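Engineer: Output the structure for:
(one chain, ligands or ions: 1)
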Amino acid sequence: MTGRREEPPAAGEARFSDAETPLAALASELRAFNRARDWEQFHTPKDLAMALAVEASELLELFLWKRDGDLPPVARVREELGDVLITLTNLASRLGVDLMAAAEDKIALNARRYPVERARGSAEKYDALVPTDEEEESR
Ligand SMILES: [Mg+2]
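Structural biologist: Okay, the predicted model is just below:
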């Protein structure tokens, strides 16, 4: 660990955008859904972030106390995954975040943090990965 903070990719480097995916249509539909019910007043970033954690917890609850290999009904998992996506989309929409670009940027950052030669087959966090001999020699 060098202590240096890795910089995220510069804005505008992303190849993908929500506008080119069904996410834009989903966000638009959700804005209309929320507007019709006058729910936008409740959708602060704080409450949407909390709601996202709650929906993720509802997904986790389906797996709670299951034995290895025992799965909850896929229909219930599907419902909670839908809730997670809806809440995530509402939060991103509220903050003006392009989810596809954000995910692509994060993949690029993770690719730098977890180079294949160091990370392959390892569950270590990036700051605990051991440099290869070649990396050590080039220092
Ligand atoms: Mg739910």
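
Engineer: so residue 98 touches residue 20, yeah?
Structural biologist: No - with contacts counted by C-beta atoms under 8 Å, residue 98 stays clear of residue 20, the gap being 10.1 Å. Any C-beta I mention is one placed from the backbone N, CA and C, and that applies to glycine too.

Engineer: Looking at those two, which one has more neighbours?
Structural biologist: Legend: neighbour count by other C-beta atoms under 10 Å for residue 98 and residue 20, higher for residue 98 (20 against 10).

Engineer: if I look at the spatially most central residue of the chain, how far off is residue 21?
Structural biologist: Centroid-nearest residue in the chain: residue 103, 6.6 Å away (criterion: C-alpha atoms, centre = their mean). Taking C-beta to C-beta, to the nearest Å as the measure, residue 103 falls 11 Å from residue 21.

Engineer: again with residue 91
Structural biologist: Counting by C-beta to C-beta - residue 91 and residue 21 are separated by 17 Å.

Engineer: Residue 99 now?
Structural biologist: With C-beta to C-beta as the criterion, residue 99 and residue 21 are 9 Å apart.

Engineer: More neighbours: which of these two?
Structural biologist: In this view residue 99 and residue 21 are compared by other C-beta under 10 Å, and residue 99 has more residues nearby, 21 against 13.

Engineer: what secondary structure does the closest residue in space to the more buried one that isn't next to it in sequence sit in?
Structural biologist: Distances taken as C-beta to C-beta, 6 or more residues apart in numbering put residue 92 closest to residue 99, at 4.9 Å, once the chain neighbours are dropped. What DSSP: H, G, I helix; E, B strand; the rest coil gives for residue 92 is helix.

Engineer: For the ion, see how far away residue 92 is.
Structural biologist: Distance from residue 92 to the ion, counting by C-beta to the ion, to the nearest Å: 18 Å.

Engineer: Please name the residues that touch that residue.
Structural biologist: By C-beta atoms under 8 Å, 6 or more residues apart in numbering, residue 92 lies in contact with 18, 27, 98-99, 102.

Engineer: residue contacts, residue 135?
Structural biologist: Residues near residue 135 by C-beta under 8 Å, 6+ apart: residue 118.

Engineer: That one and residue 114: what is the separation?
Structural biologist: 14 Å.
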